[in-house]
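S.K.: Turn this into a model:
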Amino acid sequence: MKDRPELYELGYEVTDAMVPNAVLEAVLTAVVFALMRDVVQHYEPDVVVTTYPHYQAPLSAVFTVDEQRGGVQSLIGSTPICTT
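M.R.: Modelled structure (predicted):
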């Protein structure tokens with residue numbers, strides 16, 4: 001997203017519109033799947049924290065495909081995180 005900040009901004013604008021959640025998740029998954037897959041494969045993170053709830057569907061798709069190929073299992077969920 002660092003190279004394409006307009007996509008991040010578009011995401012916020014779309015979420016303010018009256019777009020059904022399932023449609024939004026499908027579009028975001030299609031648009032950012034390859035980018036997220038590449039980032040996850042490159043950095044091999046132990047944990048992925050996102051403050052943007054609509055990225056959970058694309059991340060879930062990345063980890064689901066990885067699991068089907070014998071990769072690392074994942075637990076996608078919503079956990080409150082407190083920082084100071």
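
S.K.: all contacts plus neighbour counts: C-alpha atoms, from now on.
M.R.: Fine.

S.K.: tally of neighbours for residue 58?
M.R.: For residue 58, the neighbour count with other CA atoms under 10 Å is 23.

S.K.: low-confidence ranges in this structure?
M.R.: Within the chain, the stretches with pLDDT under 70 are 1-2, 11-12, 14-20, 71-84.

S.K.: So which residues of it form helices?
M.R.: 5-16, 21-43, 56-68 (DSSP state H).

S.K.: May I have the second one exported as CSV, CA atoms only?
M.R.: Taking Å, rounded to 0.1, in the frame of the first residue of the first chain, the C-alpha atoms of helix 21-43 are listed here in CSV:
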residue,chain,number,x,y,z
ASN,A,21,-20.1,-6.0,2.9
ALA,A,22,-19.9,-9.2,0.9
VAL,A,23,-19.4,-7.3,-2.3
LEU,A,24,-16.8,-5.0,-0.7
GLU,A,25,-14.9,-8.0,0.7
ALA,A,26,-14.9,-9.8,-2.7
VAL,A,27,-13.6,-6.7,-4.5
LEU,A,28,-10.9,-6.1,-2.0
THR,A,29,-9.8,-9.7,-2.1
ALA,A,30,-9.6,-9.6,-5.9
VAL,A,31,-7.7,-6.3,-5.9
VAL,A,32,-5.2,-6.8,-3.1
PHE,A,33,-4.8,-10.6,-2.9
ALA,A,34,-1.6,-10.8,-4.9
LEU,A,35,0.0,-7.9,-3.1
MET,A,36,-0.8,-9.3,0.3
ARG,A,37,0.3,-12.8,-0.7
ASP,A,38,3.7,-11.4,-1.9
VAL,A,39,4.1,-9.3,1.3
VAL,A,40,3.3,-12.3,3.6
GLN,A,41,5.6,-14.6,1.6
HIS,A,42,8.4,-12.1,1.6
TYR,A,43,8.4,-11.1,5.2
